[in-house]
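Q: coords below, sequence missing:
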């Protein structure tokens, strides 16, 4: 088993990383860095609580360290982990700037250690369903994907660094854009052009962006992706709308796994990952033969992310979520910001 250390025990560690590691037979959750208290030990009695990163890295048999701390710490902590001879998973976003992202990827290459960013939403059930429909050419040649992640909250959360404009990497562009852009990069690779509109729609003083509309354009493929997120969307539109030369696919509702993990379910539970919200396919299956019907959502599977990381550490599989892809996502975020500020389309 791969012994794992986790830096931080906030929402990300409590909801995602620790349950996914603890329920995976490839891993042992061995230690958690908590500056104060021992919340992790109350949940996982076998876990050792340490007070610093140095103390964690001194534990010789820990092979993998997961960084779940605020965004501006991801790069320095990950560098320290890699240079200590351990593998590393970083919570998204991979970095705050493209320059930092490239530097971190270079450290991983130099040390020969596995480095990945936690892009769990590649294993959302709805996204897996979209991938399967594309693979089966159920929509013909796909020309557009609209991908949205919307919420409704009119106020700023108290004591939340993600909602402080002066904090590096705050705002929904880094928080949700990192996921939406990664999904498109997974399907099509980096875009050729990026056009962004990034705004603070709630007009809250001291708050960062809370809304974005970013178009990733692939003219050589006759394809574009429209990625959107906002905090003032009470009546939710489709999570995915996929347009092709033979038809359209729409899917409402968010993937169920985050809520299930919050409710205490893990991948070991039979109900885990099962989404009862079907998508709708309206497509020409044969010339002049049109079919409209429901498409069952494939089971979500966040466990697959850590299964692949374990296999990559053991040398049995290629890493799926790579540092190179992570660099592309951060570049998209920076180009979207620049595009919005300068009101022009940016070349990738």
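A: Perfect, I can see it now. These numbers were taken from a predicted model, which means no experiment stands behind them.
Q: Break down this structure into its helices, ranges please.
A: 11-12, 18-22, 39-43, 53-57, 74-83, 98-111, 125-135, 172-175, 177-188, 257-262, 303-313, 323-342 (DSSP state H).
Q: Figure out which of the ones you listed is closest to residue 201.
A: Each of the helices of the chain has some distance to residue 201 by CB to CB; the shortest is helix 172-175, at 10.1 Å. Every residue, glycine included, has its C-beta placed from N, CA and C.
Q: domain parsing for the protein?
A: Here the domain parsing of the chain from automatic domain parsing is 2-118, 124-305+330-347.
Q: and the end-to-end length of the longest one?
A: Across its full length, domain 124-305+330-347 reaches 29 Å between end residues, using CA to CA, to the nearest Å.
Q: and if you look at the shortest one?
A: Distances were taken as CA to CA; on that basis the terminal residues of domain 2-118 are 17 Å apart.
Q: quick one on the thing from earlier: indicate which one of the helices of the chain is closest to residue 5.
A: When the helices of the chain are compared for distance to residue 5 using CB to CB, the nearest one is helix 53-57, at 4.7 Å.
Q: circling back: which of the domains of the chain sits most buried?
A: Most buried of the domains of the chain by mean neighbour count (mean count of other CB atoms under 10 Å) is domain 2-118; its value is a mean of 19.
Q: from the chain's centre, how far out does that domain sit?
A: 16 Å (CA atoms, centre = their mean, to the nearest Å).
Q: now swap in stretch 284-298 and tell me
A: 30 Å.
Q: Touching it from outside, list them.
A: Stretch 284-298 has contacts (CB atoms under 8 Å, 6 or more residues apart in numbering) with 125-126, 128-129, 132-133, 140, 246-247, 249, 251, 275-283.
Q: tell me the contacts of residue 123?
A: 300-305.
Q: If you could redo that for residue 177, that was the one I meant.
A: Counting by CB under 8 Å, 6+ apart, residue 177 touches 212, 214, 227, 229, 332-333, 336.
Q: just the residues you listed now: which is nearest residue 42?
A: Using CB to CB, the contacts of residue 177 come closest to residue 42 at residue 229, 34.1 Å.
Q: I figured the closest one was touching residue 172, is that so?
A: Yes: using CB atoms under 8 Å, residue 229 is in contact with residue 172, at 5.1 Å.
Q: anything in contact with each of those two?
A: 211-212.
Q: Please report the distance of the residue of the chain most remote from its centre from residue 246.
A: What lies farthest from the middle of the chain is residue 288; by CA atoms, centre = their mean that is 39.7 Å. Distance, residue 288 to residue 246, by CB to CB, to the nearest Å: 12 Å.
Q: what's the most distant pair in the contacts of residue 177?
A: Across the contacts of residue 177, the two lying at the largest distance from each other (CB to CB) are 229 and 332, at 13.7 Å.
Q: Give me the distance from stretch 295-304 to the chain's centre.
A: 15 Å.
Q: Oh, that last question was meant for stretch 166-174, not what I typed.
A: The answer for stretch 166-174 is 15 Å, by CA atoms, centre = their mean.
Q: begin at 236 from here
A: Sure, I'll start counting at 236 from here, so that last one is stretch 401-409.
Q: could you give the mean pLDDT of that stretch?
A: Here stretch 401-409 scores 95 as its mean pLDDT.
Q: can you give me the strands in the stretch 336-485 of the chain?
A: 350-352, 377-385, 428-434, 446-453, 458-465, 475-479, 482-486 (DSSP state E, counting those that start in this stretch).
Q: Switch the ones you listed over to JSON lines; also include mean pLDDT and distance to residue 260.
A: Shown next, in JSON lines, are those (pLDDT from 0 to 100; distance: least, CB to CB, whole Å):
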{"stretch": "strand 350-352", "mean pLDDT": "98", "distance to residue 260": "19"}
{"stretch": "strand 377-385", "mean pLDDT": "98", "distance to residue 260": "31"}
{"stretch": "strand 428-434", "mean pLDDT": "98", "distance to residue 260": "41"}
{"stretch": "strand 446-453", "mean pLDDT": "98", "distance to residue 260": "38"}
{"stretch": "strand 458-465", "mean pLDDT": "98", "distance to residue 260": "35"}
{"stretch": "strand 475-479", "mean pLDDT": "98", "distance to residue 260": "32"}
{"stretch": "strand 482-486", "mean pLDDT": "98", "distance to residue 260": "32"}
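Q: if we can go back for a sec, possible to save the domains of the chain as CSV with distance to residue 557?
A: Shown next, in CSV, are the domains of the chain (distance: least, CB to CB, whole Å):
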stretch, distance to residue 557
domain 237-353, 7
domain 359-540+565-582, 10
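Q: Quick one, which of these gets closest to residue 548.
A: So among the domains of the chain, domain 237-353 is nearest, using CB to CB, at 5.2 Å.
Q: thought residue 316 was touching residue 300?
A: Yes: Residue 316 is in contact with residue 300 according to CB under 8 Å; the separation is 4.6 Å.
Q: how close does residue 492 get to residue 254?
A: 10 Å.
Q: try residue 415
A: Distance from residue 415 to residue 254, by CB to CB: 24 Å.
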